[in-house]
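1. Give me the fold of what follows.
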Amino acid sequence: CAEALRAVADRAADLRIDPGRIGLGGDSAGGNLAAVLALMARDGALPPVRAQTLIYPALDLTPEARRPDQPADTMFMRPETMDWFVAHHLGPEGDARDWRASPGLAADLAGLPPTQVVTAGHDVLRDQGLGFAARLADAGVTVRLRDFPGQIHNFVAMPHAIPTAHVAIAEIAEFLVEHLCGDTGA
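-> Predicted coordinates for the structure are as follows:
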């Protein structure tokens, strides 16, 4: 992912994009990757990014991140499913406490770009998104949190089955236009 971001920034002229208007986004594990890239960009290891959208992001891969009273049976993301994903993502040598695996554990969130966090009420990752949004706000980052209490993990990807997804998609687009297009009016 880091190489992809570098390539986009390096080829901005060929791609006919403004390298100063690059945003990141992802859902679930993609939200994890976007958050890691934003931290790396803030620290100068990657080209700067102007905004990020994190949709029901996996931000803390440690076992302690999952409470016993979290939803026990959600349609797409059960606690044991999350454990399987984490084990495969980290591999036998991975460290879930490393911020590059669990960006929600980064010591400092100050200086990150404006961030949109979308959460779903029936999702084992909801608390992670809510907590990250609160930490961002405490760090002085512009943050827009949108919680959809009646929804499940992955609902945004199902607009034909879940009408609320249209609302989420429209709000995501609005945020991105506001923060990536800015003064251009595009």
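
2. hang on, residue 132 packs against residue 117?
-> Yes. With contact defined as Cβ atoms under 8 Å, residue 132 and residue 117 form a contacting pair (6.2 Å). For the C-beta atoms, the positions are set from N, CA and C on the backbone; glycine is no exception.

3. overlap in contacts of these two?
-> Taking Cβ atoms under 8 Å, 6 or more residues apart in numbering as the criterion, residue 132 and residue 117 both touch 54, 57.

4. Check the chain for its longest strand and report it.
-> Scanning the chain for the strand with the most residues, using DSSP state E, yields strand 143-152.

5. Wait, a helix at residue 25?
-> No. Secondary structure of residue 25 (DSSP: H, G, I helix; E, B strand; the rest coil): strand, not part of a helix.

6. so what's it closest to, chain neighbours aside?
-> In space, residue 25 comes closest to residue 53 once its chain neighbours are excluded; the distance is 3.8 Å by Cβ to Cβ, 6 or more residues apart in numbering.

7. Would you mind giving the secondary structure of that neighbour?
-> Here residue 53 is strand, with the state taken from three-state DSSP.

8. let's number from 39 now, not from 1
-> I'll keep to 39 as the first residue from here, and by that count the last item is residue 91.

9. Residues contacting the least confident helix or strand in the chain by mean pLDDT, please?
-> Ranked by mean pLDDT, DSSP states H and E, the weakest helix or strand in the chain is helix 117-128, scoring a mean of 81. Identification of contacts with helix 117-128 by Cβ under 8 Å, 6+ apart yields 67, 96, 99, 101, 104, 108, 110, 134, 139, 162-163.

10. Report the buried residues of the very next helix or strand once past it.
-> Going down the chain from helix 117-128, the next helix or strand is strand 153-160, by DSSP states H and E. For strand 153-160, the neighbour count (16 or more other Cβ atoms under 10 Å) marks 153-158, 160 as buried.
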